[in-house]
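K.L.:
my questions are about this predicted structure, shown below with the sequence.
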Amino acid sequence: MSKFTLEQIHMLRENPYVMSVYTSRIKFTADFKREYMTRFDAGETGRDILRSFGIDPDIMGDSRIWSLQGKFRDELERHGCFSDVRRKKENDVQSASIEQLRIEVAYVKQEVEFLKKNLTLDLEAQRKGSRKVARMQSLNSSET
């Protein structure tokens with residue numbers, strides 16, 4: 001599969017049926033996918049369909065054109081409809097949630113350790129302070 005040149009990318013991005021274009025990848029709108037499959041199933045060729053939408057089939061290349069109907073059909077079978085949004089796999093979403101929870105737990109553990117150390121230092125300071133106060137009181141009482 002050939003890569004798109006910068007000029008081709010710019011030209012494809014101007015097409016209202018193209019969602020995004022990268023050097024080696026192109027994404028189409030749900031409306032385009034729906035219409036493409038309707039026409040393809042009616043017997044039109046991929047090249048003719050692309051031309052009618054203002055997309056030069058020579059830019060796309062034969063391998064991309066051949067794979068379009070398969071990709072669109074797979075999306076329709078998997079999800080029951082076409083979408084403009086890239087779907088995340090459920091496992092990816094769950095993994096991200098689990099990782100976020102791990103990060104939060106680690107943060108809370110650090111906070112607890114910090115609070116424990118502060119409490120320990122405060123208690124030590126109070127003990128030392130009460131010893132100093134007791135010494136000061138004993139010194140003051142012995143002086144009188």
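P.N.:
Nice, I can see it.
K.L.:
so what's R39 up against?
P.N.:
Taking C-beta atoms under 8 Å, 6 or more residues apart in numbering as the criterion, R39 is in contact with D48, I49, S52. Yep, even glycine has a C-beta here, placed from its N, CA and C like the rest.
K.L.:
what helix or strand is it located in?
P.N.:
Remark: R39 resides in helix 30-41, with elements defined by DSSP states H and E.
K.L.:
helices and strands around the helix or strand that comes right after that helix, which ones?
P.N.:
Using DSSP H and E, the helix or strand that directly follows helix 30-41 along the chain is helix 46-52. Packed against helix 46-52, as judged by 3 or more C-beta pairs under 8 Å, 6 or more residues apart in numbering; DSSP states H and E, are the following elements: helix 30-41, helix 57-60, helix 62-79.
K.L.:
would CSV of the ones you listed with mean pLDDT and distance to R127 be doable?
P.N.:
CSV is the format used below for the helices and strands packed on helix 46-52 (pLDDT from 0 to 100; distance: least, C-beta to C-beta, whole Å):
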stretch, mean pLDDT, distance to R127
helix 30-41, 92, 70
helix 57-60, 91, 79
helix 62-79, 88, 66
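K.L.:
let's have these in a markdown table, adding distance to E14.
P.N.:
Formatted as a markdown table, those follow (distance: least, C-beta to C-beta, whole Å):
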| stretch | distance to E14 |
| --- | --- |
| helix 30-41 | 14 |
| helix 57-60 | 12 |
| helix 62-79 | 18 |
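K.L.:
domains of the chain?
P.N.:
Following automatic domain parsing, the chain resolves into domains at 6-79, 89-144.
K.L.:
tell me the most buried of these?
P.N.:
When those are scored by mean count of other C-beta atoms under 10 Å, the highest mean neighbour count falls to domain 6-79 (a mean of 15).
K.L.:
still on that earlier bit, go through the contacts of R39 and name the one nearest M11.
P.N.:
Proximity of the contacts of R39 to M11 (C-beta to C-beta) peaks at S52, which lies at 16.5 Å.
K.L.:
distance check, the closest one against Y17.
P.N.:
10 Å (C-beta to C-beta, to the nearest Å).
K.L.:
of all the helices and strands packed on helix 46-52, which one comes closest to S24?
P.N.:
When the helices and strands packed on helix 46-52 are compared for distance to S24 using C-beta to C-beta, the nearest one is helix 62-79, at 9.9 Å.
K.L.:
perfect, I'm done here.
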